[in-house]
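Novice: Give the three-dimensional model of this entry:
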Amino acid sequence: MHDENHDEDFESVKLTINGVLDLHTFNPDDVKELLPHYLDLCRERGIFEIRVIHGKGAGTLRKKVHAILDRLTGVASYKLAGGDAGGWGATLVKLKPE
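Specialist: Sure, this is the predicted structure:
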């Protein structure tokens, strides 16, 4: 991941901080570090509603995303997206304001 303010171990992917995180372009092993970092960057930019696209598949990545969200104190709530936003292939996250 790379953005103008943060150099991290994800340098092979340029990440746009716009409230939509598509995990298809990342190694599933990186999600544990990537997701909290992305949410922090969104909060810094005043983005408090985020859509995390994890895909439908067998649900392994969705479960991993939800387990991470359960541990983050900055997350106010999350739910599976509606049909117009990816259905069970995406999770909508609301962050607590600072």
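Novice: For the chain, which segments count as strands?
Specialist: With DSSP state E as the definition, the chain shows strands at residue ranges 2-3, 6-7, 20-22, 49-53, 75-80, 90-95.
Novice: Okay, buried residues for stretch 51-71 please.
Specialist: Judged by neighbour count (16 or more other Cβ atoms under 10 Å), stretch 51-71 contains these buried residues: 51-55, 61-62, 64-66, 68-69. Where you see a C-beta, it was placed from the backbone N, CA and C, and this is true even at glycine.
Novice: the longest helix in the protein is where?
Specialist: With secondary structure taken from DSSP state H, the chain has its longest helix at helix 31-44.
Novice: Please compute how far that helix lies from its chain's middle.
Specialist: The gap between where helix 31-44 is centred and where its chain is centred comes out at 7 Å by Cα atoms, centre = their mean, to the nearest Å.
Novice: Mean confidence (pLDDT) on that helix, please.
Specialist: Per-residue pLDDT values over helix 31-44 give a mean of 96.
Novice: Please write out the alpha-carbon positions of that helix in CSV.
Specialist: The C-alpha trace of helix 31-44 is given here as CSV (Å, rounded to 0.1, in the frame of the first residue of the first chain):
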residue,chain,number,x,y,z
VAL,A,31,-5.8,-8.0,5.6
LYS,A,32,-5.0,-8.2,9.3
GLU,A,33,-2.7,-5.1,9.0
LEU,A,34,-4.3,-3.5,5.9
LEU,A,35,-7.8,-3.1,7.2
PRO,A,36,-7.1,-1.3,10.5
HIS,A,37,-4.6,1.0,8.6
TYR,A,38,-7.1,1.8,5.9
LEU,A,39,-9.8,2.6,8.4
ASP,A,40,-7.4,4.9,10.3
LEU,A,41,-6.6,6.7,7.0
CYS,A,42,-10.3,7.1,6.3
ARG,A,43,-10.9,8.6,9.7
GLU,A,44,-8.0,11.1,9.2
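Novice: Thanks again, I'm all set now.
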